[in-house]
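[1] only the shape, not the letters, is given here:
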């Protein structure tokens, strides 16, 4: 009987021990849940938030370009030349815009709209249209016909110098009876002689412009960029060999856009050149200045400067942070040219000009 009691006591002890172990295990589990629960919950919540942000960023649309753009009057203004809409992966997004009367001077509000999936953006910018300077128009008109103008001047000068001789001999014809007076006969003879002496002196002076007429020939020479009295030779190179051309000598070269310059392809050609070097005169260009470019056949096309910006080596506008890469290197935007030269270790001057 004593033995039986001992067994019972052992059974009770073992039962209490198992319950105690279960309780301790339960407490440990609860503690672990209390400790790791918030961490697990925050991780799940953070993952969901990142997923939502990523989904939002995938639909993000941005319109790049200047807040204020100054151009000269033109019949072919295209906002897509100066502004572009892209998504978060820099893929182009279709953009809509309001009309601007770029053929009339004034200040216009241009509204740009772009949309992709659920994300859309509306941006309003200021377009300032200025009248072309008359002197620039005359400059571009007078560059090519300079030789013909000189010839006309020479002809007019010659005609004016030849006209007096027939007028002066009239007195002797009107006064034949006065032959007895030697002084009367001598005076008319001396006047034509003087005129005859003066006459050959005038044509050479007038003929000088005609002799100097070949001076404007650089305007018709092939592969020339001409502005402000400078004539800069260039070579068609493209992205494959443009950099090598400008590094190899005193030449500019085409790089972006259409690598073969043409004034009739209705496209952009991007020219590059060193400063100091062949493109140093580019720093003196201002809005409304005229630039004449001849193609490989010598055919000239005149462009008017309508924008100047400074960008880094990636084409990002230093002042606004906008990406101008496509505007600089793309072939679109109508008949235009883009000149690029460095003004610092990582700063480049960009000159836009439209035909």
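    Alright, I've got the coordinates. Not measured: the values here are computed from a predicted model.
[2] where in this protein is pLDDT low?
    Along the chain, segments meeting pLDDT under 70 span 1-16, 51-59, 134-219.
[3] hmm, residue 63 is touching residue 114, no?
    Yes: using Cβ atoms under 8 Å, residue 63 is in contact with residue 114, at 5.7 Å. C-betas here are computed from N, CA, C, even on glycine.
[4] these two: which has the busier surroundings?
    residue 114 (23 against 20; other Cβ atoms under 10 Å).
[5] contact partners of stretch 279-288?
    For stretch 279-288, the external contacting residues (Cβ atoms under 8 Å, 6 or more residues apart in numbering) are 70, 72, 130, 132-133, 136, 227-228, 230, 232, 252, 272-273, 275, 291, 304-308, 339, 341, 343, 349, 351.
[6] endpoint to endpoint, stretch 330-348 covers what distance?
    Taking Cα to Cα, to the nearest Å, stretch 330-348 runs 17 Å from one end to the other.
[7] and it, what's buried?
    330, 333-342, 348 (16 or more other Cβ atoms under 10 Å).
[8] between residue 63 and residue 114, which contacts overlap?
    Counting by Cβ under 8 Å, 6+ apart, the shared contacts of residue 63 and residue 114 are 85, 95, 121.
[9] among those, which one lies nearest to residue 220?
    residue 95 (40.4 Å; Cβ to Cβ).
[10] so who does that closest one touch?
    63, 79-80, 83-85, 112-114.
[11] redo that, cut-off 10 Å
    Applying Cβ atoms under 10 Å, 6 or more residues apart in numbering to residue 95 gives the contacts 61, 63, 65, 79-80, 83-86, 112-115, 121, 123.
[12] show me those that map onto strands.
    61, 63, 84-86, 112-115, 121, 123 (DSSP state E).
[13] ok, residues contacting stretch 241-249?
    Against stretch 241-249 from outside (Cβ under 10 Å, 6+ apart): 233-238, 251-256, 259, 270-274, 277-279, 341.
[14] buried among the residues you listed? Make that a ChimeraX selection.
    Of those, the buried ones go into a single ChimeraX selection, burial set by 16+ other Cβ under 10 Å:
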select :233,234,235,236,237,238,251,252,253,254,255,256,259,270,271,272,273,278,279,341
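[15] how long is stretch 99-110 end to end?
    Separation of the first and last residues of stretch 99-110 by Cα to Cα is 7 Å.
[16] buried sites along that stretch?
    Buried residues in stretch 99-110 (16+ other Cβ under 10 Å): 100, 102, 108, 110.
[17] what sits up against it?
    Against stretch 99-110 from outside (Cβ under 10 Å, 6+ apart): 65, 68-79, 82-83, 97-98, 111, 123-132, 306.
[18] buried only: go through those for me.
    The neighbour count (16+ other Cβ under 10 Å) marks 65, 69, 71-74, 77-79, 82-83, 97, 123, 125, 127, 129, 132, 306 as buried among those.
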